[in-house]
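A.B. asks: mind looking at a prediction? Sequence and model below.
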Amino acid sequence: MNYDVAIGKCIAISGTSIDVHVDSTIISRFMPDRPWRRAGLSVLRIPSRVVSAKRPPAVGDEVFLDHHALAK
């Protein structure tokens, strides 16, 4: 089964990465073994290869990641 995971609002798109406002609780879910020291929103730079092909990113919209791409 393949599904997309929403992580936060897109704030910028470059050639190989997407900058996303991500809540600290989302980051702690993706990386439970690493403590995240900041509460609230952070900017996370995501490689464009893990972004959903079904739901391409757009500035101001929710960013969706491809579950299979994250597992690799």
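C.D. replies: The structure has been received and is ready for your questions.

A.B. asks: going forward, measure contacts between C-alpha atoms and count neighbours the same way
C.D. replies: Noted.

A.B. asks: if you average pLDDT over stretch 47-63, what comes out?
C.D. replies: Average pLDDT, stretch 47-63: 93.

A.B. asks: quick one: contacts for Arg45?
C.D. replies: Residues near Arg45 by C-alpha atoms under 8 Å, 6 or more residues apart in numbering: 17-20.

A.B. asks: biggest separation within the residues you listed, which pair?
C.D. replies: Farthest apart among the contacts of Arg45 by C-alpha to C-alpha are Ser17 and Val20. That separation is 9.7 Å.

A.B. asks: and these two? Which one has more around it.
C.D. replies: Val20 (25 against 16; other C-alpha atoms under 10 Å).

A.B. asks: and the more buried one, what does it touch?
C.D. replies: 7-12, 43-46, 63.

A.B. asks: a markdown table for those, including secondary structure?
C.D. replies: Converted to a markdown table, the contacts of Val20 look like this (DSSP: H, G, I helix; E, B strand; the rest coil):
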| residue | secondary structure |
| --- | --- |
| Ile7 | strand |
| Gly8 | strand |
| Lys9 | strand |
| Cys10 | strand |
| Ile11 | strand |
| Ala12 | strand |
| Val43 | strand |
| Leu44 | strand |
| Arg45 | strand |
| Ile46 | strand |
| Val63 | strand |
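
A.B. asks: appreciated, that's everything.
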